[in-house]
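**Q** Whatever this is, show me its structure:
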Amino acid sequence: MRRLIFAVLVAVTACSPSAETTGDVGVTTTSTVLTTTTEAMTPAMAAGAFAECMAEQGIDVGEIPLDVQGRPLLGAVTEVLDTADPAVRGALASCASLLTASGALDLLADPEVSALVVEQLGMFAECMRAEGVDEFPDPDPGFSGTSSPFPPELIPFNAPGFGEAMLACQQLIGTLGLGG
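**A** Model prediction:
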């Protein structure tokens, strides 16, 4: 289930603002500029771009293996990442959209995993509201891993305490009973 934890973490960080300070805690993320749009990337290309982006952020995930359909086996990535490390979380915030926008995290092939991810994203949204970001939206119930899990236009990035809440709630993702 480490793949599920990673999928939730990537989905959450993909909606993080890039190249902005995420709150009073001073965590700043930057985005890698790519010459190829993520919509034109295959999942395999996105896995390579994601690994490159992470390396540019100082986090080496190595080469990401692919399954027979050319989709990244992200469970291998979870084995080398300490998702509690703020540097890893910052790198994920910068690079996660490469995976979601390209369809590399497409969850439609496994409805059970998709339902679990949406459930965990709902818990994340509840956490954000409990942490003081009252207007944080619920996840898209049809989230498939190929876009933002929350309506981007409804995410209150400028709300007081957003950055602290994001960090607190991201830290819960690995402890939500998903196994390891």
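
**Q** So what does the residue lying farthest from the centre of the chain have for phi and psi?
**A** Distance from the C-alpha centroid of the chain, by CA atoms, centre = their mean, peaks at Val68 (23.7 Å). Main-chain torsions, Val68, degrees, to the nearest 10: phi -70, psi -20.

**Q** Can you read off the pLDDT for Gln120?
**A** Gln120 carries a pLDDT score of 85 in this model.

**Q** That one: neighbour count?
**A** Per other CB atoms under 10 Å, the neighbour tally for Gln120 reads 24. (Glycine included, C-beta is placed from N, CA and C.)

**Q** same check, this time on Arg71
**A** For Arg71, the count of nearby residues is 18 (other CB under 10 Å).

**Q** List the contacts of the residue nearest to Thr42 when sequence neighbours are not counted.
**A** Excluding the flanking residues, the one nearest Thr42 by CB to CB, 6 or more residues apart in numbering is Gly70, at 6.4 Å. Counting by CB atoms under 8 Å, 6 or more residues apart in numbering, Gly70 makes contact with Thr42, Pro43, Ala44.

**Q** Once you drop chain neighbours, what's closest to the last one?
**A** If I follow you right, that is Ala44. Gly70 (4.4 Å).
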